[in-house]
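**Q** need a 3D model of the following:
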Amino acid sequence: MKVPFSKDPKPITDQVEILQRRGMCFDDVSIAEHYLRHLNYYRLGAYWLPFEADHETHRFKPGTNFQRVVDHYLFDRELRLLVLSAIERVEVSMRSMWAHHMGMEHGPFAHLKPHLFKDLQHGDRNLTEMQRELSRSHELFVRHFRDKYVDPTPPVWAVCEVLSLGLLSKCFANLRDNRTRSLISKPFGIDHDVLASWMQHLTYVRNICAHHGRLWNRELTVTAKIPRTKPRHLVNEMSSSIRGISNTLILLDHLLSVIEPNNTWKTTVVNLIDTYMIDSLRMGFPLNHNWLHKS
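**A** Residues are numbered from 1 along each chain as shown. All right, here's what the predicted structure looks like:
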């Protein structure tokens, strides 16, 4: 039975007192008040949830320290930035692969050819979204094309520059020609069905990061498909039973190793986990997982 919401807003000092009554320890109350003022009690609540001994009463485990909760928040913020940085590089690479092979296989206006797509309605929606992005764009190449040519859109290798990862994911998933799909996915060492799944997954993760959502111990609802046979290291390292961020980090590391060989992204992520002394089990990594070993 639903009831009316009856809780009143609480001053920052009262918020600290509530946490103290529930067993939270504070090294410096004034610092805690500062964080509560700028980060929001409700937002930080997601980070002290793992420290609760009993969720019904919200009692904390003995020794739970407010600064340790803040450390998890700061870790999560830095992790989101690292994940966003990786996804940016992956997105640019995937745009380039899509545009190059679509153009080479099907011509400069491949994205306008209905017969290339599995679902015509989805194709029409994707094209409408593409045209909307072009109409909003202030890029010089878009204005130049409009002024010089009669065609409805620029060629595929220019159009790709205004595609979001989400729209690129939809266009790739709806592509009928498996040869073209395979040409796009081959440089990444995975098959085209896996790549389609990863694009969708990374779009979802990117949106969490872009909206400053909690990432480190989140149960992800849009998961990434795991390769069945190769690359062997991904088959061994990724787990179908895990909805944590671990699989995302592993697949991003793999993609970056193709895009930027000898990059240090993985080392930076592992160092971050170590620096903040984060329980990697809550991220979805099994105990002593190989990926967490510094290379």
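**Q** now the helices for the protein?
**A** In the chain, the helices defined using DSSP state H lie at 12-21, 29-39, 41-48, 66-106, 120-136, 140-148, 156-159, 165-173, 178-185, 192-210, 232-237, 246-259, 265-275.
**Q** can you give the domain ranges for the protein?
**A** By the assignment in automatic domain parsing, the chain contains the domains 12-64, 73-292.
**Q** need those in JSON lines with distance to Phe5, can you?
**A** (Each C-beta comes from the backbone N, C-alpha and C, glycine too.) Shown next, in JSON lines, are the domains of the chain (distance: least, C-beta to C-beta, whole Å):
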{"stretch": "domain 12-64", "distance to Phe5": "13"}
{"stretch": "domain 73-292", "distance to Phe5": "23"}
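**Q** coming back round to it: wait, which of the helices of the chain is closest to Ala224?
**A** Ala224 sits nearest to helix 192-210 of all those, at 4.0 Å, using C-beta to C-beta.
**Q** got a pLDDT number for Ser295?
**A** Ser295 carries a pLDDT score of 60 in this model.
**Q** could you do Thr64 as well?
**A** 96.
**Q** give me every residue that touches it.
**A** By C-beta atoms under 8 Å, 6 or more residues apart in numbering, Thr64 lies in contact with Gly23, Met24, Cys25, Trp48, Phe51.
**Q** need the max-distance pair from those.
**A** Most distant of the contacts of Thr64, by C-beta to C-beta, are Cys25 and Trp48, 11.6 Å apart.
**Q** low-confidence ranges in the stretch 151-295 of the chain?
**A** 294-295 (pLDDT under 70).
**Q** so Gly23 makes contact with Pro62?
**A** Yes. Judged on C-beta atoms under 8 Å, Gly23 makes contact with Pro62 at a distance of 7.0 Å.
**Q** shared neighbours, the two?
**A** Common neighbours of Gly23 and Pro62 (C-beta under 8 Å, 6+ apart) are Ala53.
**Q** what about those two, which has more around it?
**A** Gly23 (17 against 8; other C-beta atoms under 10 Å).
**Q** and the nearest residue to the more buried one once chain neighbours are set aside, what pLDDT?
**A** Excluding the flanking residues, the one nearest Gly23 by C-beta to C-beta, 6 or more residues apart in numbering is Phe60, at 3.9 Å. Here, the pLDDT recorded for Phe60 equals 96.
**Q** list the contacts for Gly23?
**A** Ala53, Arg59, Phe60, Lys61, Pro62, Thr64.
**Q** which of these sits closest to Leu168?
**A** Nearest member of the contacts of Gly23 to Leu168, counting by C-beta to C-beta, is Thr64, at 43.4 Å.
**Q** neighbours of Ser265, how many?
**A** Residue 265: Trp, not Ser. Applying other C-beta under 10 Å, I find that Trp265 has 18 neighbouring residues.
**Q** wait, it touches Ala86, no?
**A** Yes. Here Trp265 lies in contact with Ala86, judged by C-beta under 8 Å, at a distance of 5.8 Å.
**Q** touching both of these two, which residues are there?
**A** Taking C-beta under 8 Å, 6+ apart as the criterion, Trp265 and Ala86 both touch Leu252, Leu256.
**Q** tell me which residues touch Ile278, please.
**A** Here Ile278 is in contact with His72, Phe75, Trp216 (C-beta under 8 Å, 6+ apart).
**Q** from the residues you listed, pick the one nearest Arg136.
**A** Of all the contacts of Ile278, Arg136 sits closest to Trp216, with 33.8 Å by C-beta to C-beta.
**Q** contacts only, for the closest one.
**A** His72, Phe75, Asp76, Leu79, Ile245, Ile278, Arg282, Met283.
**Q** I'd like those laid out as TSV, including distance to Val258.
**A** What follows is the contacts of Trp216, written out as TSV (distance: C-beta to C-beta, whole Å):
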residue	distance to Val258
His72	32
Phe75	27
Asp76	27
Leu79	22
Ile245	21
Ile278	27
Arg282	29
Met283	23
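**Q** which pair in those residues spans the largest distance?
**A** Using C-beta to C-beta, those reach their maximum pairwise distance at His72 and Ile245, which is 13.4 Å.
**Q** let's have the helices of the chain in a markdown table, adding distance to Lys113.
**A** Shown next, in a markdown table, are the helices of the chain (distance: least, C-beta to C-beta, whole Å):
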| stretch | distance to Lys113 |
| --- | --- |
| helix 12-21 | 59 |
| helix 29-39 | 50 |
| helix 41-48 | 46 |
| helix 66-106 | 6 |
| helix 120-136 | 9 |
| helix 140-148 | 19 |
| helix 156-159 | 10 |
| helix 165-173 | 12 |
| helix 178-185 | 11 |
| helix 192-210 | 19 |
| helix 232-237 | 33 |
| helix 246-259 | 28 |
| helix 265-275 | 37 |
